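Student: what follows is a predicted structure for the sequence shown.
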Amino acid sequence: MANILLLTAFAILCSLTIAYLKGVGRRPSDYPPGPPTLPIIGNIHQLPKSQPHKQFQKWAKEYGPIYSLVLGTQVLIVISDGAGVKELLDKKSAICSDRMPWYIGQTLCSGGQRFLMMPYGDEWRTFRKVGHQSMNSWASKRFIPYQDVESMQMLREMVHQPQIFWESFRRFSNSLSTHMIFGFRTVKHNDPRLGQIYDGSLDFSTLAVSPESAVFDAFPLLRYVPDFLSSAKRRAKALHERERPFFLSFLHEAKRSLEAGTLKPCIAADMIKAQEEEGFSDHQAAYALGSWLEAGSDTTSSTMYGFACAMVLFPEVQRKAQAEIDEVIGSRLPTLDDESSLPYIRACVKESLRWMPVASIGAAPHAVTRDDVYMGYRIPKGAGLVHNIYTLNMDEKRYPNPRTFNPDRFYHDKQSAAEAAQNPDYMARDHYGFGAGRRICLGMHIAERSLFITIVRMLWAFTFSPEKDAAGNDILPDGENLTPGLAQQPPRFLARIVPRDPKRTQIIEEANSE
């Protein structure tokens, strides 16, 4: 009798498993359309290994402004037009601001504490509040002197070592971030802390978007696979073991400086005050600050690199920008106070963010907390919402000839990126690089100022042109592809960067000596 009951129970379990698996990987008829699925795996086999933004753009053209991808047990809803972003991510942000589970990236790499991937809830709201108070439009103005100092050192580096301009962009972006967040500068390209930040960010980015990571999220039972069978699990845990004490050391250094009365105005000081009031741990505080440090280091430098690529590929834009600078500024050093007088340079900033987006399909999908309906399609609870940034920024109806770098598109647009994102008319939005809804980038005000001051000063000081090969032919950069990872940029390229005249070089040298 016991054997019969056991066999019956096993048969029922097998039947239920088969019935369940029959539905896994299939797209219900009321979901948004999308590419054909296979049983169990859905569309996993169709996810591109490189240049995902191009495949996501191709699917948008085929299936429309909202389509779905089924990845095992998960569903991604891909939003590819401004109306969908406004309706779902902005207007319905109360239910569209969660995150999908991210086992490798959040649980293993980050101990559940990386702000980018943190679920929508009390903990996320606490750190969002600290970040907003520290980096909003007004509070972030205290960092303008830091942006001035770091950009001047960058110019001097480009005078003396123009061939390593990529490294100068990274040092500028990282030093500005450490300066603002923890109160110390990164003054050398070979600073080991700079290397560890970028290396750690690259490791995290590679692991978080790896095919193995996608499989763990699509089939959660696989998370129980022993570590010795998964290189991704081993590498993710090892990264966390390196990263956790690294971020904590920055926080503890800031606390010691605060007690000694030597800490410069910085976000860590704001975090320490909030920690005393809210009672969260050093581990939580350090990871929030470390997340912002990584984001600030990666994104601005990548956009600057994209701008340099555009100047080599579109010399007529460079000439027009320099003509405006020469007419308004002359030979004196430009400052942030000149922004309102330089509409074409402002437009260059906007076009840089549109033309070469750092997160081409969004850094991490939003997720919905309850079932919803949009355009007659069901969006199930827990589904991811992909902010298809590259496709949004390349909308031919809004941006004719979208792969042409053309700042004239934004010449009369006086909105900041934050104002454009909040504009009720989605057609008035400039670009989508900073995200949307309650997950919009906290540091957008800082990023815009950083891009303006670096772009205007580089064009004031230097001329960018293609490097030459042995036969004297131009070596042009690749403006159509992006490096892999969460923070993308053009593939590495060479450029000739030549000072425009000795007087400007002298101004740079004198400013740095002061």
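Tutor: Perfect, thanks for sending it.
Student: so how far is the one helix or strand Gly296 maps to off the chain centroid?
Tutor: Gly296 is part of helix 282-313, with elements assigned from DSSP states H and E. Counting by C-alpha atoms, centre = their mean, to the nearest Å, helix 282-313 is centred 7 Å from the centre of its parent chain.
Student: avg pLDDT for that helix?
Tutor: On average, the pLDDT along helix 282-313 is 95.
Student: before we move on, what about stretch 83-90?
Tutor: 97.
Student: need the CA coordinates for it. PDB is fine.
Tutor: Listed next in PDB are the C-alpha coordinates belonging to stretch 83-90 (Å, rounded to 0.1, in the frame of the first residue of the first chain):
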ATOM      1  CA  ALA A  83       4.800  57.600 -25.100                       C
ATOM      2  CA  GLY A  84       5.400  54.200 -23.400                       C
ATOM      3  CA  VAL A  85       8.200  55.700 -21.300                       C
ATOM      4  CA  LYS A  86       6.000  58.500 -20.200                       C
ATOM      5  CA  GLU A  87       2.900  56.300 -19.500                       C
ATOM      6  CA  LEU A  88       4.600  53.400 -17.800                       C
ATOM      7  CA  LEU A  89       7.900  54.500 -16.200                       C
ATOM      8  CA  ASP A  90       6.800  58.100 -15.400                       C
END
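Student: could you pull out the buried residues of it?
Tutor: Judged by neighbour count (16 or more other C-beta atoms under 10 Å), stretch 83-90 contains these buried residues: 84-90. C-beta coordinates here come from the backbone N, C-alpha and C atoms, glycine included.
Student: again, but for stretch 422-432
Tutor: For stretch 422-432, by 16+ other C-beta under 10 Å, it's 426, 429-432.
Student: wait, which of these is closest to Leu385?
Tutor: Lowest distance from Leu385 to these (C-beta to C-beta) belongs to Tyr432, with 13.0 Å.
Student: quick check, that closest one in contact with Thr391.
Tutor: No. Using C-beta atoms under 8 Å, Tyr432 is not in contact with Thr391; the gap is 9.3 Å.
Student: what's the overlap in contacts for the two?
Tutor: Counting by C-beta atoms under 8 Å, 6 or more residues apart in numbering, Tyr432 and Thr391 have no common neighbour.
Student: and the gap between Lys483 and Ser291?
Tutor: Actually, residue 483 is Thr. It isn't Lys. Using C-beta to C-beta, to the nearest Å, we find Thr483 at a distance of 21 Å from Ser291.
Student: now stretch 501-514: how far from the chain's centre is it?
Tutor: Worked out by C-alpha atoms, centre = their mean, stretch 501-514 lies 33 Å from the chain centre.
Student: correction: stretch 374-381
Tutor: 27 Å.
Student: can you give me the pLDDT of Lys255?
Tutor: pLDDT at Lys255 comes out at 97.
Student: equivalent analysis for the one 5 residues further on, please.
Tutor: Note for Ala260: predicted pLDDT of 96.
Student: now Leu16
Tutor: For Leu16, the model assigns a pLDDT of 37.
Student: for Ile4, same thing?
Tutor: So, for Ile4, pLDDT stands at 38.
Student: make 43 the starting number, not 1.
Tutor: Sure thing, new numbering starts at 43, so read that last one as Ile46.
Student: tell me who's in contact with the closest residue to Pro407 other than its chain neighbours.
Tutor: Once flanking residues are discounted, Pro407 sits nearest to Gly426: 3.4 Å by C-beta to C-beta, 6 or more residues apart in numbering. Contact analysis of Gly426 by C-beta under 8 Å, 6+ apart lists 116-119, 142, 407-409.
Student: ok, now Asp414?
Tutor: 130, 134, 137-138, 420-421.
Student: which of these are buried? Put it as a PyMOL command.
Tutor: In PyMOL, this line selects whichever of the contacts of Asp414 come out buried by 16+ other C-beta under 10 Å:
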select buried, resi 130+134+137+138+420+421
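Student: any chance of a markdown table for the contacts of Asp414, columns secondary structure and distance to Glu358?
Tutor: Converted to a markdown table, the contacts of Asp414 look like this (DSSP: H, G, I helix; E, B strand; the rest coil; distance: C-beta to C-beta, whole Å):
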| residue | secondary structure | distance to Glu358 |
| --- | --- | --- |
| Leu130 | helix | 39 |
| Lys134 | coil | 42 |
| Ile137 | coil | 46 |
| Cys138 | coil | 41 |
| Arg420 | strand | 49 |
| Ile421 | strand | 44 |
